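# A structural model of the following input is requested.
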Amino acid sequence: MKKIAVYCGASEGNDDVYKESMIQLGEYLAKNNLELVYGGGGVGLMGLLANTVLDNGGIVHGIMPKELMDRGASLNRLKDLKVVDNMSVRKKMMLEEADGCIALPGGPGTLEEIVEAFSWARLGDNNSPCVFYNISGYYEPMKSMFDSMVSKEFLTSNDREKLLFSDSLEEIFRFMDSYIPPKIRQYN
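Residues are numbered from 1 along each chain as shown. From the prediction side, this is the model:
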């Protein structure tokens, strides 16, 4: 595992625990020589994470849609910022570059990106582990939703085990290091 895609908010949220956890993640990535792949932003939790990784000697790769670049959302100190046509291209490129995916607290965009990454894993188009960094129980409703998918038989329990919800960086990276992609379902 070398590069980690992190999906997170362009806002900081209203609880300092999100910022504190973001700093811990940034320090962890840098200390463990894990490169950050993220949306290229200089605002909110995104900016805090990238700056923390850089401040601790780590490597950061930003991928940002042109429309957000034009609005001034990028982190100016990035040495590696790819500007792409749109969000679809960004999401695909982030998955291609990353060896693992982590979602921190964020809004609909964060949720969309991590759920798409997990969905693509089930299709065989993403071999990277997907994790919800469940800071202060932020993702408990989402965890319940995935568990409901299993109980209603829209998701197999084997595939559900391929998605982690955790507030522990140690557990997250143990899960990622031992991850085996889901078995691809055959229909004939």
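
# who touches the host helix or strand of L48?
When elements are assigned from DSSP states H and E, L48 belongs to helix 44-55. By CB atoms under 8 Å, 6 or more residues apart in numbering, the residues outside helix 44-55 that reach it are 6, 8-13, 18-19, 22-23, 25-27, 29-30, 36, 38-42, 59-60, 62, 75, 77-78, 104-106. Glycine gets a C-beta too; all of them are placed from N, C-alpha and C.

# Any quick ChimeraX command for the buried ones out of those residues?
Only the buried members of the contacts of helix 44-55 enter the following ChimeraX selection, criterion being 16 or more other CB atoms under 10 Å:
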select :6,8,9,10,12,13,18,19,22,23,25,26,27,29,30,36,38,39,40,41,42,59,60,62,75,78,104,105,106
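
# ranges for the strands of this protein?
If you assign secondary structure with DSSP state E, the strands in the chain sit at 3-7, 35-38, 60-65, 81-84, 100-103, 130-133, 163-166.

# Format those as CSV; extra columns: mean pLDDT and distance to M149.
Converted to CSV, those look like this (pLDDT from 0 to 100; distance: least, CB to CB, whole Å):
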stretch, mean pLDDT, distance to M149
strand 3-7, 97, 20
strand 35-38, 98, 27
strand 60-65, 96, 29
strand 81-84, 96, 31
strand 100-103, 98, 17
strand 130-133, 98, 14
strand 163-166, 98, 10
